[in-house]
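1. output the structure for:
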Amino acid sequence: MSTKTTTPRRNPTRTRDYLGTRASGFSLVELIVGMSIAVLCIGVIYQTMANSSRTVSFAAGATDADTSAKMTLYMLEEQINRAGFGLTGFGSTATDRYGCTITNNTDTALPTIFAPASITSGSSNDTLQLMASGFDYPVSRQFVGTDKLGLPTNQILLGTNYGITTGDLLLLISYFSTDNCGKLYQVRSVSSHTFAHDGSPTDTVTLDNTVSFSGRLYHMGSTAKAGKLSQQPFSTTWQVDKDGLYVTNHTKTGTPATPTEIYRDRNTVGFKVEYGVDTDADTTVDAWQNGSTTPTWANVVAIRVGLLVRNSNYEKTADSTTYSWAGGDFTMQHLDGTDGSGNHVDPTKDWKHYRYRTYQRIYLLRNVVLGQD
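-> Got it, this is the predicted structure:
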């Protein structure tokens, strides 16, 4: 019996499916086009995110700079409001001895100029020194003469209702001398406490140096009262270096003679100051004067301040815009403190690759104008 073998028929279509057709994948050209579109989309997304990140970073930097500037202006206002406290009421004119030079005889260094505020003009930035008594309340100035009824040269008779203690700082301002007319003394001891016929106490006070001229005595406070910061002499200096604006306290507890940095604003890189001068005695400013010339101290009623604040974010595009305030143009410096008139070899240190903003304020020297006696 013979058997017939039947060979199955092949489906031409299925054969082509197994061998691979256009329905089974992408051609090389299609893959290249697709990948190109994907790369393009990724690039657009990346660029958008980068721009957004730069915008956020710049806004954060601008906010930080603005906040720093406002904190600096607030602190400056507080200190200028305090300047001159306890230093007025000298003779018939409150300011007739302002401007005289102070010799610091103790381990506490007050500013060298006897004035609530003194300005030193620099080529790029200015320096502002502020001074006031550290006592909680103004005390009456007292006359000290060279004829002290046989007392040693470093002792004086001092009458005060508020008391003098060891460690107190007394500033003697001469009536007549115009050069080196002030001396700072520190009280070494107090003895022979007596009362005058009117009930006011009189103390024999031993100082750290010889009293060589007659004048008025100002009680500046005490370095001995470490727990009472308000009673330490108030003496600060505002200035700028390559790392920004900073404030030093000349009478801080510890090593008073060495100025101690108490505040720094790294965003503020420009600091300009001027005196507000009242020429007609109506307590309003008639003219502004920088620190390059000595003012008529009795006419100084206000301080005008200009700040130049830098955003810390680097910009690829250089911008040589001139920045100004009411007192004139700021002198630009590179980030390393070098002269900014030309380009820096390192663009990241070139001032033109950063953005800036100016601030200015006017502060009344109210302890001078209003007094406190």
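
2. residue 128: which element?
-> When elements are assigned from DSSP states H and E, residue 128 belongs to strand 127-132.

3. contacts for that strand, please.
-> Contact with strand 127-132 is made by 79-80, 82-87, 110-111, 113-120, 233-239, 271, 273, 291, 303, 305, 367, as judged by Cβ atoms under 8 Å, 6 or more residues apart in numbering. From N, CA and C alone the C-beta is placed, and that goes for glycine too.

4. direction included, what does that strand pair up with?
-> Applying DSSP bridges to the sheet, strand 127-132 is found paired with strand 117-120 (antiparallel), strand 234-241 (antiparallel).

5. tell me the mean pLDDT over that strand?
-> The pLDDT scores in strand 127-132 average 93.

6. try stretch 27-43
-> So the average pLDDT for stretch 27-43 ends up being 84.

7. stretch 240-260 too?
-> 75.

8. what angle separates the helix or strand containing residue 269 from strand 234-241?
-> For residue 269, the host element (DSSP H and E) is strand 268-277. Taking axes from the mean of the first three to the mean of the last three Cα atoms, to 10 degrees, strand 268-277 and strand 234-241 form an angle of 130 degrees between their directions.

9. rewinding a little: the strands paired with strand 127-132: which one's closest to residue 181?
-> Among the strands paired with strand 127-132, strand 117-120 comes nearest to residue 181, with 14.6 Å by Cβ to Cβ.

10. contacting residues around that closest one?
-> For strand 117-120, using Cβ under 8 Å, 6+ apart, the contacting residues are 80, 83-84, 111, 126-131, 273-275, 290-291, 300, 303, 365.

11. how about residue 318, secondary structure?
-> At residue 318 the chain is in coil, as set by DSSP: H, G, I helix; E, B strand; the rest coil.

12. report pLDDT for the residue nearest to it when sequence neighbours are not counted.
-> Once flanking residues are discounted, residue 318 sits nearest to residue 352: 4.1 Å by Cβ to Cβ, 6 or more residues apart in numbering. You'll see residue 352 listed with a pLDDT of 95.

13. just to revisit the earlier point, winner for burial among the strands paired with strand 127-132?
-> Of all the strands paired with strand 127-132, strand 117-120 has the most neighbours on average by mean count of other Cβ atoms under 10 Å, namely a mean of 22.

14. sorry, back to before: okay if I get the strands paired with strand 127-132 as JSON lines plus distance to residue 209?
-> Converted to JSON lines, the strands paired with strand 127-132 look like this (distance: least, Cβ to Cβ, whole Å):
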{"stretch": "strand 117-120", "distance to residue 209": "24"}
{"stretch": "strand 234-241", "distance to residue 209": "19"}
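
15. which of these sits closest to residue 356?
-> That would be strand 234-241 among the strands paired with strand 127-132, by Cβ to Cβ, at 13.8 Å.

16. for the closest one, what is the distance to the chain centroid?
-> Strand 234-241 sits 7 Å away from the centroid of its parent chain (Cα atoms, centre = their mean, to the nearest Å).

17. tell me which strands and helices whichever helix or strand comes after that strand is in contact with?
-> Of the helices and strands lying after strand 234-241 in sequence (DSSP H and E), the nearest is strand 244-249. Helices and strands touching strand 244-249, by 3 or more Cβ pairs under 8 Å, 6 or more residues apart in numbering; DSSP states H and E, are strand 234-241, strand 260-265, strand 268-277.

18. sheet partners, orientation included, of the last one?
-> In the sheet containing strand 268-277, the strands it pairs with under DSSP bridges are strand 287-289 (antiparallel), strand 300-310 (antiparallel).

19. can you tell me which of the ones you listed is most buried?
-> strand 300-310 (a mean of 23).

20. could you check the angle that strand makes with strand 244-249?
-> If you take the same axes, to 10 degrees, strand 300-310 sits at 140 degrees to strand 244-249.

21. next, the angle from strand 300-310 to strand 260-265.
-> Relative orientation of strand 300-310 with respect to strand 260-265: 60 degrees, computed using the same axes, to 10 degrees.

22. which ones are touching residue 166?
-> Shown in contact with residue 166 (Cβ under 8 Å, 6+ apart): 187-190, 224.

23. tell me which of those fall in strands.
-> The members of those that map onto strands under DSSP state E are 187-190.

24. and the two most separated of those residues?
-> Greatest spatial distance in the ones in strands among the contacts of residue 166: 188 and 190, 8.7 Å, computed using Cβ to Cβ.

25. intersection of neighbour lists for these two?
-> With contacts defined as Cβ under 8 Å, 6+ apart, the residues shared by residue 188 and residue 190 are 166, 206.

26. min pLDDT across the ones in strands among the contacts of residue 166, which one?
-> Lowest pLDDT among the ones in strands among the contacts of residue 166: residue 190, with 81.

27. any idea what that residue is bridged to?
-> Note on residue 190: beta-bridge partners residue 205, judged by DSSP bridges.

28. hang on, it packs against residue 170?
-> No - the criterion here is Cβ atoms under 8 Å, and residue 190 misses it with residue 170 at 11.5 Å.

29. of these two, who's got more company?
-> Neighbours were tallied for residue 190 and for residue 170 using other Cβ atoms under 10 Å; the higher tally belongs to residue 170 (24 against 16).
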